[in-house]
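**Q** Sequence and predicted structure below; questions after.
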Amino acid sequence: GGGSSTRRVTFEADENENITVVKGVRLSDSVIDRMKEPSSPSGRTQQRSASGAVNDEELKKRIAEELALERARRDSEAQKRRLKQEQMYVRDEFGKLLEQERISSNEHLTRAILRERAATEEERQKAQRF
């Protein structure tokens, strides 16, 4: 997806109140792997409460950052696809123009050859009359 539909995302605590459960968000394997890394993307260690749970605000911030990165990656891939399509279109149009030029050049050349043959034939006939 490139759609801009609104999604409902909810944050809830699990039964032990020590982790936050995020519902309504689909994450790629690469995002999940990065979230499992011991440090956050900015190099800071995660803030933990006295019970050892990740701070809800920090988790929400990290998820938002990961979602933004994933969205930016998808947008970049979509732009690359559009660019390739545009390049193919330009290449096709350029090919059509070259073909039209070739046909036009051949027509001009054929006309020039016919004129030259007619002029040569006319000169030959004049030479025979004299």
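**A** Sure, I can see it. Numbers count the residues shown, from 1 in each chain.

**Q** pLDDT weak spots in the chain?
**A** 1-14, 17-20, 39-54 (pLDDT under 70).

**Q** Apply 80 and report the result again.
**A** Where the chain drops to pLDDT under 80, the residues are 1-28, 31-55.

**Q** In it, what residue spans correspond to helices?
**A** Ranges of helices in the chain, per DSSP state H, are 29-36, 56-129.

**Q** Could you give me the buried positions within the shortest one?
**A** Burial within helix 29-36, assessed by neighbour count using 16 or more other CB atoms under 10 Å, is assigned to 31, 34. From N, CA and C alone the C-beta is placed, and that goes for glycine too.

**Q** which residues touch it?
**A** 27, 41, 62-63, 66-67, 69-70 (CB atoms under 8 Å, 6 or more residues apart in numbering).

**Q** farthest pair in those?
**A** Greatest spacing in the contacts of helix 29-36, by CB to CB: 27 and 41 (14.9 Å).

**Q** Which one's more surrounded, these two?
**A** More crowded of residue 27 and residue 41, by other CB atoms under 10 Å: residue 27, with 15 against 11.

**Q** Pick out the residue closest to the middle of the chain.
**A** Nearest to the mean C-alpha position of the chain, counting by CA atoms, centre = their mean, stands residue 80 at 2.1 Å.

**Q** separation between that residue and residue 74?
**A** Noted for residue 80: a distance of 11 Å to residue 74, by CB to CB, to the nearest Å.

**Q** next one: residue 121
**A** For residue 121, the distance to residue 74 (CB to CB) stands at 70 Å.
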